[in-house]
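Asks: Quick check, what structure comes out for this input:
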Amino acid sequence: MVLTTNILAAWKFDGDLTDETGTYDATNSGTTTDTSIKILGSASRRYDGTNDKVGLPSTMLDSLGTFSISAWFYLDDDPSGGGNADRATIWHRKKATSTADDSFIWVENSASTGNVNWLRARLSTTGGAAIGFGSTTITTTAWHHVLAVYDGSNFKLYLDGNTTPEISLSNTGNTGTSPGFNTLGAREDGSSGFYSWWDGSIDDVTMWTDAKTTGDVTSLWNSGAGLAYPFGSGAVEINKINNVLISDTDKVYS
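Replies: Below you'll find the model as predicted:
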């Protein structure tokens with residue numbers, strides 16, 4: 001799979017919330033530009049853990065049979081306080097108004113995780129819903145990367161460049177339609193407002209309309225240094241066989 005194809009949106013968060021594709025600019029609610037804690041580019045988005053979030057266009061992920069989401073995240077402190085406060089949301093989207101129809105990626109620290117930070121994810125589609133935990137401890141005050149991939153049969157989350165899924169959930173169907181909630185940094189349940197706030201930074205979020213591969217996991221992790229949009233040395237690299245130029249793609253053969 002090629003990182004430069006089927007890009008739905010890419011937010012670099014280098015001082016603004018512009019979508020690099022020009023289609024899906026995000027909306028700020030309280031987050032600030034942080035030029036000191038960043039993984040790629042010149043800045044990240046900073047969340048205070050109390051009431052900051054970034055809104056994404058609600059219908060952009062509607063009716064997709066496959067998709068992928070890449071995000072870098074930095075957690076200041078362990079989520080704590082009991083109940084929903086034990087969860088820090090990276091991404092949340094609702095397929096319908098019920099909380100049973102939402103999809104999310106968050107870090108949870110609760111009795112269910114042994115009171116350590118684990119990834120937790122849920123995917124709700126027209127075929128049903130699936131939810132699960134990871135088992136790798138998410139350290140605070142450090143950058144981590146997640147690539148979430150839905151291929152129409154499975155929802156897999158890859159953590160920090162590991163090509164073995166941290167979470168793997170069986171599911172079918174498409175993403176359905178959203179009533180208006182597609183958010184970074186907070187969860188919304190349709191009646192109680194927003195909660196499970198992110199405390200820290202989120203950077204370089206990209207969404208695709210296809211299912212990325214384990215090779216893409218390695219490329220995006222890039223030994224922990226990350227790989228920013230447009231994903232390469234320039235937009236593309238040279239594809240050669242026996243030093244003869246064949247085409248411009250994201251692979252190099254020699």
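
Asks: going forward, measure contacts and count neighbours with C-alpha atoms only.
Replies: Will do.

Asks: Just read off the phi/psi values of Ile37.
Replies: phi -110, psi 100 (degrees, to the nearest 10).

Asks: residue contacts, it?
Replies: Going by Cα atoms under 8 Å, 6 or more residues apart in numbering, Ile37 touches 43-44, 201.

Asks: separation between it and Arg45?
Replies: Distance of Ile37 to Arg45, computed by Cα to Cα, to the nearest Å: 9 Å.

Asks: Now list whatever residues contact both of those two.
Replies: Shared contacts of Ile37 and Arg45, defined by Cα under 8 Å, 6+ apart, are found at Ser201.

Asks: which regions of the stretch 151-254 of the chain sit below the pLDDT cut-off?
Replies: Along the stretch 151-254 of the chain, segments meeting pLDDT under 70 span 190-192, 233-254.

Asks: Could you pull out the helices in it for me?
Replies: 214-221 (DSSP state H, counting those that start in this stretch).

Asks: any chance you could map the strands in it?
Replies: In the stretch 151-254 of the chain, the strands defined using DSSP state E, counting those that start in this stretch lie at 154-159, 167-170, 182-184, 187-188, 194-195, 199-208, 237-241, 244-249.

Asks: For the longest one, name the packing helices and strands.
Replies: With contacts defined as 3 or more Cα pairs under 8 Å, 6 or more residues apart in numbering; DSSP states H and E, the secondary structure elements packing on strand 199-208 are strand 7-11, strand 44-48, strand 67-75.

Asks: Single out the most deeply packed of those.
Replies: Mean neighbour count (mean count of other Cα atoms under 10 Å) peaks for strand 44-48 among the helices and strands packed on strand 199-208, with a mean of 25.

Asks: Using CSV, list the CA coordinates for it.
Replies: C-alpha atoms of strand 44-48 as CSV (Å, rounded to 0.1, in the frame of the first residue of the first chain):
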residue,chain,number,x,y,z
SER,A,44,1.6,20.2,18.0
ARG,A,45,-1.8,20.8,19.4
ARG,A,46,-1.9,21.1,23.2
TYR,A,47,-4.9,19.9,25.3
ASP,A,48,-5.4,20.9,28.9
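
Asks: which outside residues touch whichever helix or strand comes after it?
Replies: Next helix or strand after strand 44-48 toward the C-terminus (DSSP states H and E): strand 53-55. With contact meaning Cα under 8 Å, 6+ apart, strand 53-55 is reached by 26-31, 47, 181-186, 197-198.

Asks: which residues touch the residue nearest to Gly127 when sequence neighbours are not counted?
Replies: Distances taken as Cα to Cα, 6 or more residues apart in numbering place Gly173 nearest to Gly127, at 4.5 Å, with adjacent residues excluded. In this structure, Gly173 makes contact with 65, 125-128, 152-153, judged by Cα under 8 Å, 6+ apart.

Asks: Please pick the buried ones from these.
Replies: Using 16 or more other Cα atoms under 10 Å as the burial test, the contacts of Gly173 include 65, 125-126, 152 as buried.

Asks: Just flag the most distant two among those.
Replies: The distance between the two most remote of those (Cα to Cα) is 11.0 Å, for Thr126 and Gly152.

Asks: Common neighbours of those two, please.
Replies: Counting by Cα under 8 Å, 6+ apart, the contacts common to Thr126 and Gly152 are 172-174.

Asks: what's the closest of these to Asn51?
Replies: Nearest to Asn51 among these, counting by Cα to Cα, is Asn174 at 30.9 Å.

Asks: Relative to Ser168, how far out is the closest residue to that closest one other than its chain neighbours?
Replies: The shortest distance from Asn174 to any non-neighbouring residue, by Cα to Cα, 6+ apart, is to Gly65 (4.3 Å). Gly65 sits 17 Å away from Ser168, going by Cα to Cα.
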